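In: what follows is a predicted protein model with its sequence.
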Amino acid sequence: MKSSRTVRRTAVRAAFAVSAAAALVTATTGAAHAAPVRLNYPLTGSTVLKGTGSTVNLGPGTLEASADLFAGTLTANTKLPPAKVSFNMLGVIPVSATTEFIETEPTTGTLDLKTGETKTTTKLTLRLKDMKVAGIPTPVGDHCETRTPAVLNLSSEAGFNPLRGGNLSGTYTIPAFEHCLLSTPLINLIVPGDGNTIKLTLGAATQPPTTS
């Protein structure tokens, strides 16, 4: 016999699926202008930095979205924890640092309910700290970051579903850094530039808890 906790959990999931499906039907048929639907997605991914030739693992984090299913638009807050990056400068000198991806304004985007195609634009400031060169701590200050935000234009990959999640990917340019003390010229010689790739994987959507 199922426990009461299992029954409650199943009921909650069923209620979410029903409410989300109802919103999708309403938006698709145009019967009424449905209220925005709030959805939270577990978020992981990786980005390849072309300048350093290194891969940075991202997450686990959260994408907190509000979707107007009738208009096919969304806004979201992207929350990612600090990530470690390491590479060999000139092929032999090990360099490591912690990087933060700080969203400067809410993510915006569009979604097609019929095909699942989703496009988003996110603006992130990249900040570096805890830098070491050949294992030696190298001060970069408390505000070593890109002068302007990096603009990430991402598109959904095949199989993406607004409720079940999937992959979003794209390329972006890393702007020049500033306020990195004596390390500024070195960082700007290696890190900034275009051709950086990123892939984010969204898990199945859940509705955030209601607040009183």
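Out: All right, it came through fine.
In: can you name the next helix or strand after the lengthiest strand in the chain?
Out: Among the segments of the chain that qualify as a strand by DSSP state E, the longest is strand 93-111. Using DSSP states H and E, the helix or strand that follows strand 93-111 towards the C-terminus is strand 118-133.
In: pull up the pairing partners for whatever helix or strand comes next after that following strand, direction included.
Out: Next helix or strand after strand 118-133 toward the C-terminus (DSSP H and E): strand 136-137. In its sheet, strand 136-137 lies beside strand 118-133 (antiparallel), with partners assigned from DSSP bridges.
In: now the strand it pairs with: buried residues?
Out: By neighbour count with 16 or more other CB atoms under 10 Å, strand 118-133 contains the buried residues Thr118, Lys119, Thr120, Thr122, Lys123, Leu124, Thr125, Leu126, Arg127, Leu128, Lys129, Met131. Backbone N, C-alpha and C define where each C-beta goes, glycine included.
In: now pLDDT and distance to Ile174 too, for the residues you listed, in JSON lines please.
Out: Shown next, in JSON lines, are the buried residues of strand 118-133 (pLDDT from 0 to 100; distance: CB to CB, whole Å):
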{"residue": "Thr118", "pLDDT": "95", "distance to Ile174": "24"}
{"residue": "Lys119", "pLDDT": "97", "distance to Ile174": "21"}
{"residue": "Thr120", "pLDDT": "96", "distance to Ile174": "18"}
{"residue": "Thr122", "pLDDT": "96", "distance to Ile174": "14"}
{"residue": "Lys123", "pLDDT": "96", "distance to Ile174": "13"}
{"residue": "Leu124", "pLDDT": "96", "distance to Ile174": "10"}
{"residue": "Thr125", "pLDDT": "97", "distance to Ile174": "11"}
{"residue": "Leu126", "pLDDT": "97", "distance to Ile174": "6"}
{"residue": "Arg127", "pLDDT": "97", "distance to Ile174": "12"}
{"residue": "Leu128", "pLDDT": "97", "distance to Ile174": "11"}
{"residue": "Lys129", "pLDDT": "96", "distance to Ile174": "16"}
{"residue": "Met131", "pLDDT": "96", "distance to Ile174": "16"}
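In: my read: Val56 touches Pro81, true?
Out: No - taking contacts as CB atoms under 8 Å, Val56 lies outside contact range of Pro81: 11.8 Å.
In: wait, which of the buried residues of strand 118-133 is closest to Thr98?
Out: Lys129 (5.2 Å; CB to CB).
In: the nearest residue to the closest one once chain neighbours are set aside bridge partners, please.
Out: Ranked by CB to CB, 6 or more residues apart in numbering and with sequence neighbours excluded, the top spatial neighbour of Lys129 is Thr98, at 5.2 Å. Using DSSP bridges, the beta-bridge partners of Thr98 come out as Lys84, Lys129.
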